[in-house]
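[1] Give me coordinates for this.
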Amino acid sequence: MTHHEADLLDRHSYGDTPVHRLDPRAKILATLIFVITVVSYPKYEVAALTPFALFPLLMIVLGEVPAGLIMKRTLIVSPFALMIGLFNPLLDRQTMTVIGGLEISGGWLSFSSIMIRFLLSVTAVLALIATTSFPNVCRGLTRMGVPRALVTQLLFLYRYLFLLVEEGTRVRRARDLRAGGGSSRSLRLAAQVIGGLFIRTMDRAERIYQSMVIRGFDGEMKMIGRLSFSTRDLSFLLGVVTGCVFLRLFPVARLIGDAVRGWI
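    Now for the predicted structure:
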C-alpha cells in the first residue's frame with residue numbers, strides 16, 4: 001500500500017456525515033457485537049449470513065465512503081482467508097445439500113462460510129475506520145477501559161505508520177534508480193534494503209523518543225477533546241444489537257427464500 005493509498009482512507013475518517021458524528025464508543029461496540037455475531041454461526045452456515053451485509057453497507061453508504069476504497073483493501077488481505085479455507089473442499093467431501101441437481105459437499109459450504117464471514121467482518125472494520133478518525137478510536141478505547149499502554153502503542157503506530165510507508169517508498173525508488181534500468185529484484189538486495197530500513201527506523205525512533213522525553217513525555221499520549229454519549233448514539237447501538245440478535249435467532253434468509261418459492 002502506497003503512502004497515498006494509506007492516507008486516502010484516513011482522510012475519509014474526518015468527514016461530516018451522520019455516521020461520522022456518532023460517538024466512537026457506539027461504533028466500536030456495534031462493530032464488535034456485529035463481528036462476534038457473524039463469527040458465532042456454525043461452520044456450514046451460508047445463507048443465514050447474507051442479511052448481515054446490511055450493516056457494513058449502511059455504514060459505507062451513510063458515511064459517504066467510496067465502496068471501491070473498501071473493496072480494494074478487503075481484497076488485499078483476502079489471501080489470508082483463502083489460505084484458511086483452501087483445503088476444506090478436499091478434506092470434507094461429504095454431500096451436505098443438492099442445488100439444481102448439483103451435489104454440494106461440506107467442504108465447499110465451510111469454505112464459502114469462511115469467505116463470507118471474512119468479507120463481512122473486514123468490511124465492517126474498514127467501515128468503522130473510514131468513518132472514525134484513529135485518534136477518536138483510541139479516545140473511545142481509553143474511555144471504555146482499554147489499558148492506556150496499549151492505546152499509546154496504537155497511537156504511535158498510527159502517527160508513524162505513514163512516515164514508515166513514505167520512507168520505504170523512497171528506499172525502493174533509490175534501489176530502482178541504482179539498478180540502472182535492470183532487474184532489482186533479488187533476495188540479497190531485498191535483505192539489504194530491509195536491513196537498511198530497519199536501522200534507519202531504529203535511529204529515528206531513538207531520536208523521537210529523546211525529543212519527547214525532553215518535552216515532558218511521561219508515557220501517556222494526551223488527547224484533546226471530550227466524548228459525549230447521546231441518545232442518538234444509544235439508539236444506534238441498540239438498533240445494531242437488536243438487529244444482530246434478531247438475525248441470529250430467526251432464519252430470515254430461509255424464510256424469505258421459502259416465501260419467494262411459494263410466490264413463484
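
[2] which residues of the stretch 1-150 of the chain fall in helices?
    Along the stretch 1-150 of the chain, the segments classed as helices by DSSP state H, counting those that start in this stretch run 3-12, 24-39, 54-62, 67-85, 88-91, 106-131, 134-143, 148-178.

[3] can you pull the buried residues of stretch 53-67?
    Residues of stretch 53-67 classed as buried: 55-56, 59-60, 63, 65 (neighbour count, 16 or more other C-beta atoms under 10 Å). Using the backbone N, CA and C atoms, a C-beta is placed for each residue, glycine as well.

[4] what's the spacing between the nearest residue to Thr37 once chain neighbours are set aside and Leu141?
    For Thr37, ignoring the flanking residues on the chain, the nearest one in space by C-beta to C-beta, 6 or more residues apart in numbering is Cys244 at 4.2 Å. For Cys244, the distance to Leu141 equals 21 Å [C-beta to C-beta, to the nearest Å].

[5] Check Phe156 too.
    In terms of C-beta to C-beta, Phe156 sits 14 Å off from Leu141.

[6] Take the helices of the stretch 1-150 of the chain and write them to TSV, including distance to Arg226 and mean pLDDT.
    Shown next, in TSV, are the helices of the stretch 1-150 of the chain (distance: least, C-beta to C-beta, whole Å; pLDDT from 0 to 100):
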stretch	distance to Arg226	mean pLDDT
helix 3-12	22	66
helix 24-39	12	95
helix 54-62	24	93
helix 67-85	30	84
helix 88-91	48	82
helix 106-131	20	90
helix 134-143	9	86
helix 148-178	16	76
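
[7] what comes into contact with stretch 105-123?
    34-35, 38-39, 41-46, 49-50, 52-53, 56, 60, 70-71, 73-74, 77-78, 81-82, 84-86, 88-97 (C-beta atoms under 8 Å, 6 or more residues apart in numbering).

[8] Apply 7 Å and report the result again.
    35, 38-39, 43-46, 49, 52-53, 56, 70, 74, 77, 81, 84-85, 88-96 (C-beta atoms under 7 Å, 6 or more residues apart in numbering).

[9] Now, of those, which are buried?
    Here, 16+ other C-beta under 10 Å leaves 35, 38, 44-46, 49, 52, 56, 70, 74, 81, 85, 88-89, 92 buried among the contacts of stretch 105-123.

[10] Thanks a lot, catch you later.
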